[in-house]
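Engineer: Pasted the sequence and its predicted model underneath.
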Amino acid sequence: MAELIFFSGTMDCGKSTLALQMGHNRSARGRRGLVFTRDDRAGRSVLSSRLGLSTAAVEVTEGCDLYAYTERALAADPEIDYVICDEAQFLAPAQVEQLASVVDELRVDVFAFGITTDFRTRLFPGSRRLIELADEIRVMQVETLCWCGARATHNARTVGGEMVVEGEQVVVGDVAPDAQVGYTVLCRRHHRARQAYGVPTPAPAPAAAGVPGHTEVAADLSR
Ligand SMILES: Nc1ncnc2c1ncn2[C@@H]1O[C@H](COP(=O)(O)OP(=O)(O)O)[C@@H](O)[C@H]1O
Ligand SMILES: Cc1cn([C@H]2C[C@H](O)[C@@H](COP(=O)(O)O)O2)c(=O)[nH]c1=O
């Protein structure tokens with residue numbers, strides 16, 4: 001049975017990389033699908049990962065009907081059996097409903113990737129609708145870390161290096177503290193404290209003699 005799955009996590013946790021991998025693994029087995037995105041950092045009509053990979057994608061615009069688009073694509077190529085949608089937080093709620101119709105009426109799997117909350121810790125409307133409608137929500141496995149070492153659960157925006165909690169919900173950008181408008185990921189405690197930067201906890205002391213530490217194990221394996 002086709003499913004609508006929402007893969008979510010903070011910025012920079014590997015969502016686009018996973019989207020590319022899922023597309024690659026399917027197309028390597030001759031399966032055919034559509035790739036949608038909206039406002040990727042790298043530009044229009046591209047789905048890009050910070051690891052350097054990218055693929056062509058259909059740019060979703062404000063009035064784009066994702067159900068009608070998929071239905072037309074299926075008429076031309078009945079083998080299409082999956083849809084990947086990156087930056088799904090930017091979809092309008094109606095477009096998420098169209099993706100649910102793609103699953104239920106066209107029986108095509110939809111894999112949506114996106115952040116849930118904005119720099120103010122508020123849900124994006126598209127993510128809210130995905131949480132409401134998805135068959136499954138998968139929290140990304142690769143953890144991002146706050147500067148303190150705790151798991152990062154929230155996204156923060158910096159303007160001129162200062163953390164802000166007011167402004168437009170959508171400003172396309174990257175995790176870059178030096179950018180005029182940039183982002184960073186934080187644990188809830190430091191998001192609430194508005195501390196985008198701090199002194200990281202020192203790394204644990206080296207392992208006691210006779211107990212191999214990380215570096216020593218790596219050295220052993222290379223012999
Ligand atoms: N130089 C690097 N070496 C290894 N991994 C990297 C490197 N640069 C980025 N990454 C990985 O890529 C992830 C970001 O991938 P990306 O798919 O662009 O994230 P997202 O779409 O969630 O914002 C980082 O969390 C990190 O795991
Ligand atoms: C928190 C937050 C993010 N954005 C933008 C910034 C990026 O362009 C994307 C997230 O991309 P990623 O692949 O997950 O890194 O969203 C925004 O517009 N508003 C925000 O509050």
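Structural biologist: Nice, thanks for sending it over. Ligands and ions are numbered 1, 2, ... in the order given.
Engineer: for ligand 1, what are the nearby residues on this structure?
Structural biologist: Taking CB under 6 Å from any ligand atom as the contact definition, the chain meets ligand 1 at Met11, Asp12, Cys13, Gly14, Lys15, Ser16, Thr17, Ser49, Arg50, Leu51, Val142, Thr144. In short, each C-beta sits where N, CA and C put it, glycine included.
Engineer: Which of those residues fall in strands?
Structural biologist: Using DSSP state E, no member of the residues of the chain next to ligand 1 falls within strands.
Engineer: which ones are touching Val46?
Structural biologist: Thr37, Asp40, Ser54, Thr55, Ala56, Ala57 (CB atoms under 8 Å, 6 or more residues apart in numbering).
Engineer: can you rerun that using 7 Å?
Structural biologist: The contact partners of Val46, taken as CB atoms under 7 Å, 6 or more residues apart in numbering, are Asp40, Ser54, Ala56, Ala57.
Engineer: who's in contact with Arg194?
Structural biologist: Arg194 neighbours (CB under 7 Å, 6+ apart): Met163.
Engineer: Kindly recompute the last result at 8 Å.
Structural biologist: Met163, Val165.
Engineer: How much space separates it from Thr153?
Structural biologist: Arg194 sits 15 Å away from Thr153, going by CB to CB, to the nearest Å.
Engineer: Check Thr144 too.
Structural biologist: Separation of Thr144 from Thr153 (CB to CB) stands at 9 Å.
Engineer: quick one: common contacting residues for those two?
Structural biologist: Thr10.
Engineer: between the contacts of Val46, which has the most around it?
Structural biologist: Neighbour counts for the contacts of Val46 peak at Ala57, which has 23 neighbours (criterion: other CB atoms under 10 Å).
Engineer: Now the terminal residues of stretch 3-19, how far apart.
Structural biologist: End-to-end distance for stretch 3-19, by CA to CA, to the nearest Å: 15 Å.
Engineer: With ligand 2 in mind, check whether it reaches it.
Structural biologist: Yes: under the criterion of CB under 6 Å from any ligand atom, ligand 2 is reached by stretch 3-19 at Met11, Asp12, Lys15, Ser16.
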